[in-house]
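# how would this look folded up:
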Amino acid sequence: MLTKLPAKNKIAAFDIDAQNTFTPVCPDELPVAEGDQIVGELNAQAAFAALRLGSRDAHSPQAIWIANREHPVLSPVSGHPDVDVHWPAHAIIGTKGFDFIAGLDPKAYDFQVYKGIEIDKHPYGACYHDLNNKLSTGVIEYLCQHEITTVICGGLATDYCVKNTVLQLRAAGFDVILNLAACRGILPDTVAFALTEMRNAGVTIIDCAEELKKML
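Numbering: from 1, shown residues only. Now for the predicted structure:
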């Protein structure tokens, strides 16, 4: 567990999939309760970092994983190694769901990742385009190029894309801080399991950005 922050030039803040598609603003997509209430904390944690990164799901309306009557939500997808299950259409490029949550400025990001652009890929973590963590999105390389050692994370949803991104960053050797107030999850049980996984991987978990001041 990280108890002291390094110099600011070694820190990045990462807003993971902080998009309307995962909030009540888009009730027919993949809304997470209170998902639209994380903006203040994301902006607060960014003040402690030299760089700010953002990831977005960026899907096609022709994606093979889009659920329908024949293939209901969460039914398995076979024959495509980078898709596991069917989901409702969400984060379609050019729609309101694709956009950042109100209060997040797209121009504030030093580096952005679009993931899931291909119709036969539906990654969760923001560091790789595939489910086997082989096809890099460039996040890890960008952080290494700028000699970042510590990444403060928040976003949506805690038990899916946030968890997977955090674990990918830890596997790449970064110190990771998860700000719970900057996240929202889908189900209490899966959130609890995700937090256990992240703690076991050495992630530092804080309740809010205010706690970062105690780590200076």
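
# Would you mind finding the longest strand in this structure?
strand 175-184 (DSSP state E).

# dump the residue contacts of residue 164.
Neighbour list for residue 164: 123, 124, 125, 126 [criterion: CB atoms under 8 Å, 6 or more residues apart in numbering]. No exception for glycine: its C-beta is placed from N, CA and C like everyone else's.

# Looking at the residues you listed, which one is closest to residue 11?
Of all the contacts of residue 164, residue 11 sits closest to residue 126, with 17.4 Å by CB to CB.

# ok, the closest one - how many residues close by?
Neighbour count of residue 126, defined by other CB atoms under 10 Å: 30.

# ok, for it, nearest residue in space, not its chain neighbours?
Excluding the flanking residues, the one nearest residue 126 by CB to CB, 6 or more residues apart in numbering is residue 55, at 3.6 Å.

# after the helix or strand the one you found falls within comes which helix or strand?
Using DSSP states H and E, the element containing residue 55 is strand 51-57. For strand 51-57, the following helix or strand on the C-terminal side (DSSP H and E) is strand 111-115.

# can you list the residues that contact that next one?
By CB under 8 Å, 6+ apart, the residues outside strand 111-115 that reach it are 51, 53-58, 106, 123, 126, 129, 137-139, 142.

# and with 10 Å instead?
The contact list for strand 111-115 (CB atoms under 10 Å, 6 or more residues apart in numbering) reads 12, 14-17, 51-59, 91, 93, 98, 100, 106, 121-130, 137-139, 142-143, 146, 161, 165.

# What is whichever helix or strand comes after that strand packed up against?
Where DSSP H and E defines the elements, the next helix or strand beyond strand 111-115 is helix 139-145. Counting contacts by 3 or more CB pairs under 10 Å, 6 or more residues apart in numbering; DSSP states H and E, helix 139-145 packs against strand 11-16, strand 51-57, strand 111-115, strand 150-156, helix 163-171.

# go with 8 Å
Helix 139-145 sits against strand 51-57, strand 111-115, helix 163-171, with contacts defined as 3 or more CB pairs under 8 Å, 6 or more residues apart in numbering; DSSP states H and E.

# what mean pLDDT does it have?
Across helix 139-145, the average pLDDT comes to 98.

# Now it: buried residues?
By neighbour count on 16 or more other CB atoms under 10 Å, the buried set for helix 139-145 is 139, 140, 142, 143.

# and the helix or strand following the longest strand of the chain, average pLDDT?
Going down the chain from strand 175-184, the next helix or strand is helix 188-200, by DSSP H and E. Averaged over helix 188-200, pLDDT sits at 98.

# next one: helix 188-200 to chain centre, how far?
Centroid separation between helix 188-200 and its chain, computed with CA atoms, centre = their mean, to the nearest Å, is 15 Å.

# Ok, stretch 62-81 next?
Its chain's average C-alpha position is 22 Å from that of stretch 62-81, according to CA atoms, centre = their mean.

# In PDB, please show the C-alpha coordinates belonging to it.
Output in PDB follows, covering the C-alpha atoms of stretch 62-81 (Å, rounded to 0.1, in the frame of the first residue of the first chain):
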ATOM      1  CA  GLN A  62     -22.700  -3.000 -36.200                       C
ATOM      2  CA  ALA A  63     -20.800  -4.600 -33.200                       C
ATOM      3  CA  ILE A  64     -21.400  -8.300 -33.100                       C
ATOM      4  CA  TRP A  65     -21.900  -8.300 -29.400                       C
ATOM      5  CA  ILE A  66     -25.000  -6.100 -29.400                       C
ATOM      6  CA  ALA A  67     -27.900  -8.000 -27.800                       C
ATOM      7  CA  ASN A  68     -31.200  -8.800 -29.500                       C
ATOM      8  CA  ARG A  69     -34.100 -11.100 -29.100                       C
ATOM      9  CA  GLU A  70     -32.100 -14.100 -30.300                       C
ATOM     10  CA  HIS A  71     -29.000 -13.200 -28.200                       C
ATOM     11  CA  PRO A  72     -30.100 -11.700 -24.900                       C
ATOM     12  CA  VAL A  73     -27.900  -9.500 -22.600                       C
ATOM     13  CA  LEU A  74     -25.100 -11.500 -21.000                       C
ATOM     14  CA  SER A  75     -25.600 -14.500 -23.200                       C
ATOM     15  CA  PRO A  76     -22.200 -15.900 -24.400                       C
ATOM     16  CA  VAL A  77     -20.600 -15.000 -27.800                       C
ATOM     17  CA  SER A  78     -18.700 -17.800 -29.500                       C
ATOM     18  CA  GLY A  79     -16.200 -17.800 -32.200                       C
ATOM     19  CA  HIS A  80     -14.700 -14.400 -31.400                       C
ATOM     20  CA  PRO A  81     -11.900 -14.400 -28.800                       C
END
